[in-house]
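Trainee: the following comprises the amino acid sequence and a computationally predicted model.
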Amino acid sequence: MGGKQSSIVDVVSARASCEALAYVFLADGTSASELRWTFADVADNSRRFAALLRDNGVDGGDRVLLAVNPSLEYIAALYGIMQLGAVPVPCFPPLRPKELDRFEAITLDCRPRAIVIDAMYDGQMAALKNRPAFARLDLVTVYTDGAPSTQAAEANSDPPGRDALALIQYTSGSTGSPKGVCLTHDNVVSNCEALGRSMGHDPDRVGLSWLPPYHDMGLMGTIILSMYHGWPLVLMSPMHFVQQPLRWLQAIDDYGVSITVGPNFSLALCAEALCDEAVGELDLSTVRQWYCGAEPISADTLALFQRATEPFGFDMRALIPCYGMAEATLFVSGKRAGARYRTDHTPDQSGRTVVSCGDVDAAHTVRIVDPQTLTRLDDGVVGEIWVAGRSVAAGYYNKPELTRETFRARLVGDDDDYLRTGDLGFLRSGELYVTGRLKDLIIVNGRNIYPHDVEAAVVAADRSLRTAVAFSLDEDDIERLCVVAEVGDHDVTAGALSAVRESIRVTVTSEFGVAPDILLCPRRAIPTTTSGKVRRQEARRMLVADELPLIEAKQECTA
């Protein structure tokens, strides 16, 4: 059915009479709290939300900030906004005070007609309305508990065109200020088709996701994807996963899940939990596709994950390292089904091991480009990854110059437009290997050092360390490697701090041939995105501005 539809709105409408299971939400992260909706339920409840929004003055073309907690209501609101012809703007709810600034920045940038949010955030909304810039916005706040109990007639009789704006997906902000990626309905359909080619046909497919529904992988790669292709999806809150990672694995067993997805860190958490906790009977043999993306993929993490999950029936041939980004809607490349993932070594002096992100989707093109000369590089040479194809977004919301720079890049002597991803990588034997971010690359004494490799080494250096960030600082025109690591409250004695610093120094120096400047800070001091990625450039800025709380005074690191 999905391939004949021009938008996800068409798909929801076409499935409106289908009583097959669509979504299951685990309210407390376990099957004991499950809530179920059929495809017909989804259509009914999305019309209910469309009626609520229409009653609050929302019309076609309006932007609607969607800041609802993970739930079935989130899904109903998402599709309800689309059915009105309005444009949803998914956003992480401002649960903590420090998140109010980002929430306000996104709101001021997209200037929505309405904000749809849970009533539990009424205090945060009141605080925002006391801010002058926010108060000047002409918007209404619509709480989810205000939706009528019965659905109304069809909200919008005119289906959106393929080139119409479907939603605005704000980037996570790991490399700078969040930017709104404008996705058309054709972009969304193209991504569903590309992932369909990667997944292959499976009439008995059952999906599972704990990912935040506000970001590309959790929204495009699970919620919208399952609706488009018509298979059931089990959902839980990311909070419940992080609290107890084994809930993810238990849900796989409980529901016979065949496809799931998670970033590298989540595989590490599961492996640690399986090794550290007493685990009873657990069956992971039903999983035929386990996608891993959204952040650099570590060969060491995959090896650890294999050792931890094999006793429970997981077949590593099901693991699919993949690559994508919000600016390409989501999916760009992924490992072929049925084979083990591949690793190779970077073609530079470090020769470090990198995991292949598989073949580029057949309907898309990837070029590896010299970012300075804008010329195409040969296979096996590291350069910037450029992407072209239907899934590439229309641009950034209300940022025409940045859109031209990022989405309208051209190779020397070529008239085709490409998306400049800002990621570094190389192609070899038709497969894409991602090595890091162009902006984050650290060059010390002529050596290319990727910060995520350093961060992984730092965390592995001492069991007390959970989070670290690495970046460069210039001193007298000499670039130096700086490492900031978080330590717990019980590790702040002079002896403990000295031991941690020495472990980091020995590990990083031996692995990278560079002596780092080391700073220690309390837990949760390193800035991260809402999806948990460290914000390296922001951490560097905070350090230089003396805004980063340190357990020890700055000693060697200088700007």
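Mentor: That came in fine, so what should we check first?

Trainee: tell me the strands in the stretch 101-250 of the chain, going along the chain?
Mentor: 114-117, 140-143, 165-170, 180-184, 207-209, 233-236 (DSSP state E, counting those that start in this stretch).

Trainee: burial count for Leu497?
Mentor: Neighbour count for Leu497, taken as other C-beta atoms under 10 Å: 16. Yep, even glycine has a C-beta here, placed from its N, CA and C like the rest.

Trainee: host element of it?
Mentor: helix 494-512 (DSSP states H and E).

Trainee: helices and strands around that helix, which ones?
Mentor: helix 451-461, strand 478-487, strand 517-522 (3 or more C-beta pairs under 8 Å, 6 or more residues apart in numbering; DSSP states H and E).

Trainee: make TSV out of the ones you listed and add distance to Leu267 and mean pLDDT.
Mentor: TSV is the format used below for the helices and strands packed on helix 494-512 (distance: least, C-beta to C-beta, whole Å; pLDDT from 0 to 100):
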stretch	distance to Leu267	mean pLDDT
helix 451-461	13	87
strand 478-487	21	88
strand 517-522	26	90
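
Trainee: now stretch 11-25 - C-alpha only, CSV.
Mentor: Only the C-alpha atoms of stretch 11-25 are listed here, as CSV (Å, rounded to 0.1, in the frame of the first residue of the first chain):
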residue,chain,number,x,y,z
VAL,A,11,-1.3,6.4,4.3
VAL,A,12,-3.1,7.1,7.6
SER,A,13,-6.3,7.8,5.7
ALA,A,14,-6.0,4.6,3.6
ARG,A,15,-5.5,2.5,6.8
ALA,A,16,-8.4,4.2,8.6
SER,A,17,-10.6,1.1,8.5
CYS,A,18,-7.9,-1.4,9.3
GLU,A,19,-8.3,-3.1,12.7
ALA,A,20,-4.7,-4.6,12.6
LEU,A,21,-2.4,-3.6,15.5
ALA,A,22,-0.5,-0.4,14.7
TYR,A,23,1.2,0.8,17.9
VAL,A,24,1.8,-0.5,21.4
PHE,A,25,3.1,1.9,24.1
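
Trainee: buried ones in that stretch, by neighbour count?
Mentor: Residues 11-16, 18, 21-25 are the ones in stretch 11-25 that count as buried (16 or more other C-beta atoms under 10 Å).

Trainee: closest one to Thr373 among the helices and strands packed on helix 494-512?
Mentor: Closest approach to Thr373 among the helices and strands packed on helix 494-512 (C-beta to C-beta): strand 478-487, 22.3 Å.

Trainee: partners of the closest one in the sheet?
Mentor: strand 468-475 (antiparallel), strand 517-522 (parallel) (DSSP bridges).

Trainee: mind putting these into JSON lines with distance to Gly221 and mean neighbour count?
Mentor: Formatted as JSON lines, these follow (distance: least, C-beta to C-beta, whole Å; neighbours: other C-beta atoms under 10 Å):
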{"stretch": "strand 468-475", "distance to Gly221": "26", "mean neighbour count": "20"}
{"stretch": "strand 517-522", "distance to Gly221": "33", "mean neighbour count": "20"}
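
Trainee: which among those is found nearest to Gly389?
Mentor: Of the strands paired with strand 478-487, nearest to Gly389 by C-beta to C-beta is strand 468-475, at 32.3 Å.
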